[in-house]
Every structure is written in C-alpha cells, then in structure tokens.
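1. Build the 3D model from these lines:
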Amino acid sequence: MKDIVNAGNAKVMMIIAMSIFGTIGLITFYIDLPSSIIVVGRGTIGAAFMLVLIYAMGSRLSKDDIFSNLFTLICSGICLGLNWLFLFEAYKTIEISLAIVLNYLTPALTILVTPVILKQNVSFFKLGCALLALLGLAMVSGILENGMEGDMYGIFCGIMAAVFYTAMIMFNKKLKSIGSYDRTFVQLLSASVLVVIYSLITVDMASLNFDTTSIVLVILLGIVHTAIAFTLYFGSLAYMDAPDAALLGYIEPILGVMLSVVILHEDMGVIGWIGAAIILGSTFVPEIIERMKSKNRNQEQS
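-> Numbers count the residues shown, from 1 in each chain. Okay, the predicted model is just below:
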C-alpha cells in the first residue's frame, strides 16, 4: 500500500488530522464509561490498528532504533497515558471547551520549562506570552470571579493533562534517530499498559455497563482518532516546515471549542472566554511572528 501522505497533499492531511483531533472532546461526552476505560480502549485499539497501517504502507518498525531509545520512549508513553487520563477525566467533570483550553496550556508550559530542562534560550517575548497564558488560566478557571468555589477537581485534571503533555514533549526532544511511527507505536503501547494496570486497580469491572453506543465510539476513538489521525499527522510533518505545522495545530482547540459551544451549548462566561482567547492567543502570536521571520530568512537567502 502506498503512503497516503505525500508532498502534494501534506497540508490537507494535516488539516484532516487536526480536525479529527478536534472532535475527541465531543465524542467523549457521549461515552458512558469511566475515563480510564476510554483511554484503555483508545490506546490498545489505536496501537494495534496503527501497527496494521504501518505494515500496510510497506513500512517496518526499526527494532534497533526502538531499543536504543527504549527508556525514553517508555517514559514518554507513560506521560502520554497520564495526559489522556487527566484530559478524559476533565472532559467528564467540567465543560469540554474548558478542558480543551486548559490542555492547550502545553505550549506556554513548554516555553517556561525549556530554559531549565533543555538548557535552551527563550526570548523575553515568548516568556512574556507564556506568563500571559497563566493569566488566561486564572480567568477561565473562574478563580477571579468565584474564588475556590468552582469545580477545582476538573480544573486540576485539565492543568495536569497539560503538565504531562509538556513532559512528553520534553522526553520526545531527547529521542535520537528514531522514526515518527516507531516512536508513536511504542508510546501508545506504553500508555496502554500503564492505564490497563491503573484500571485493574481502581475500576470495578463487574459494574461496568458496555452499551452499544459507548463501544462503537471507543472503537472510533482508537481507529480514527488515534491510529489514522496520528498516521496522517506524523506523515504530514515530514513534508511541512515547523511554523506551518504549528499554525495548523490550532485547528484542534478552535474546532473543539466551537463544537462544544454549538452542539453542547456550553458557555464559560465573558471572563472565561476572554481567558480562553488569551491562552490561545499567547501561543498563536509567537507562531505567527516565527513564521514571518522564517519567510524573511528564506527570502534573504534566495
């Protein structure tokens, strides 16, 4: 089977992948299962189907690359599993739109920890934007209006989802000479193992009610929103420059929030929406500036 992503359709495939990711929160709303069970289904089905896709496209997993990065891959996969656990728990306890926005604190957190963990310089402008995102966090959480009276558990879960996604990014930056599909498959597998163990300890399996709708939607999350979407995403990255990929990445949170408002009729209030705009804008603006700088450099070189 020929690779479904190429230089000619990379941007379209990236848009499709981001649009698929953007519907995860909405689909989760209609699944009547504990968040950990949803993650188990998504991870295991996704890993299995992704392996099928890899071999169907004529590719193979590189055992040497995987084993040379195994510890970092497992740590990264554990962080992915924890991100999913906290994110899906946030979906279940607070507004979908709020959970999406909180999870998108990741770019700001990445900027804040990069100088400490990766020893890389970050401009004062980017640091300022990251700190501005924290102001947005205070606004969307409702603390400025209601103090600590809101659903702090759900907000905590949303923030922790962003923390562990940031940790996964940090581990990914330490990976050396490994393909995107190899990396993603092992991460999905590691995440699944972690959540299976967690679910066996914390969930009363006998009390679960696996209705048809929930089963179908979990399978959909595993095949479409994990295996296919990740394949399109990483396949597209190989043909796109970083600024373009980063900008298209904003399709996910924007679409997710729009769907929650239009279909689920969610409303975070005026202060909350301003905070959401600040969080998304504080990372969007630096990406726009980086894109402009990249274009100027390319023009000067040509």
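2. Can you give me the distance of Ala246 to Pro286?
-> 9 Å (Cβ to Cβ, to the nearest Å). C-betas here are computed from N, CA, C, even on glycine.
3. Tell me which of these two has more neighbours.
-> Neighbours were counted for Ala246 and for Pro286 using other Cβ atoms under 10 Å; Pro286 has more, 21 against 18.
4. got the buried residues for the strand or helix carrying that one?
-> Applying DSSP states H and E as the criterion places Pro286 in helix 269-301. Using 16 or more other Cβ atoms under 10 Å as the burial criterion, the residues of helix 269-301 that qualify are 272-273, 275-276, 278-280, 282-284, 286-287, 291.
5. Kindly report the same for stretch 49-64.
-> In stretch 49-64, counting by 16+ other Cβ under 10 Å, buried: 49-51, 53-54, 57.
6. For Val140, state which of those residues is nearest.
-> Nearest to Val140 out of these is Met50 (Cβ to Cβ; 33.1 Å).
7. what's near enough to touch that closest one?
-> 181, 184-185, 188, 226-227, 230-231 (Cβ atoms under 8 Å, 6 or more residues apart in numbering).
8. 10 Å instead?
-> The contact partners of Met50, by Cβ atoms under 10 Å, 6 or more residues apart in numbering, come to 181, 184-185, 188-189, 222-223, 226-231, 234.
9. do Ile274 as well
-> With contact taken as Cβ under 10 Å, 6+ apart, Ile274 is in contact with 135-136, 139-140, 268.
10. Now secondary structure too, for those residues, in TSV please.
-> Shown next, in TSV, are these (DSSP: H, G, I helix; E, B strand; the rest coil):
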residue	secondary structure
Leu135	helix
Gly136	helix
Met139	helix
Val140	helix
Met268	coil
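11. which of those are buried?
-> Neighbour-count burial within the contacts of Ile274 applies to 136, 139-140, 268; the criterion is 16+ other Cβ under 10 Å.
12. Reformat those residues as TSV; add pLDDT.
-> As requested, those are exported to TSV (pLDDT from 0 to 100):
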residue	pLDDT
Gly136	85
Met139	81
Val140	81
Met268	76
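13. Closest to Ser97 out of those?
-> Out of these, the member with the shortest distance to Ser97 (by Cβ to Cβ) is Met268, at 6.2 Å.
14. For the helix or strand containing Leu137, list every residue counted as buried.
-> Assigned by DSSP H and E, Leu137 falls within helix 124-141. By 16+ other Cβ under 10 Å, the buried positions in helix 124-141 come out as 126, 129-130, 132-134, 136-137, 139-141.
15. and if you look at stretch 102-118?
-> For stretch 102-118, the neighbour count (16+ other Cβ under 10 Å) marks 102-114, 117 as buried.
16. need the helices for the stretch 51-200 of the chain, in chain order.
-> If DSSP state H, counting those that start in this stretch is used as the criterion, the helices of the stretch 51-200 of the chain fall at 63-68, 70-93, 96-103, 106-117, 124-141, 143-146, 152-172, 180-202.
17. Out of these, which one sits most buried?
-> Ranked by mean neighbour count under mean count of other Cβ atoms under 10 Å, the helices of the stretch 51-200 of the chain are led by helix 96-103, which reaches a mean of 27.
18. shouldn't Gly77 be in contact with Ala167?
-> No - using Cβ atoms under 10 Å as the test, Gly77 is too far from Ala167 to be in contact (11.3 Å).
19. so who does Phe234 touch?
-> Phe234 touches 5, 17, 50, 179-181, 183-184, counting by Cβ under 10 Å, 6+ apart.
20. measure it to Val101 for me?
-> Taken as Cβ to Cβ, the span from Phe234 to Val101 is 25 Å.
21. same thing with Val216?
-> Val216 is 28 Å from Val101, where distance means Cβ to Cβ.
22. looking at it, Leu53 is touching Val224, isn't it?
-> No - in this structure Leu53 lies outside contact range of Val224 using Cβ under 10 Å: 11.6 Å.
23. Now for Phe71: which residues touch it?
-> Phe71 makes contact with 171, 174, according to Cβ under 10 Å, 6+ apart.
24. Report pLDDT for it.
-> You'll see Phe71 listed with a pLDDT of 95.
25. can you check Gly8 too?
-> 71.
26. any weak-confidence spans in the stretch 1-150 of the chain?
-> 1-7, 142-150 (pLDDT under 70).
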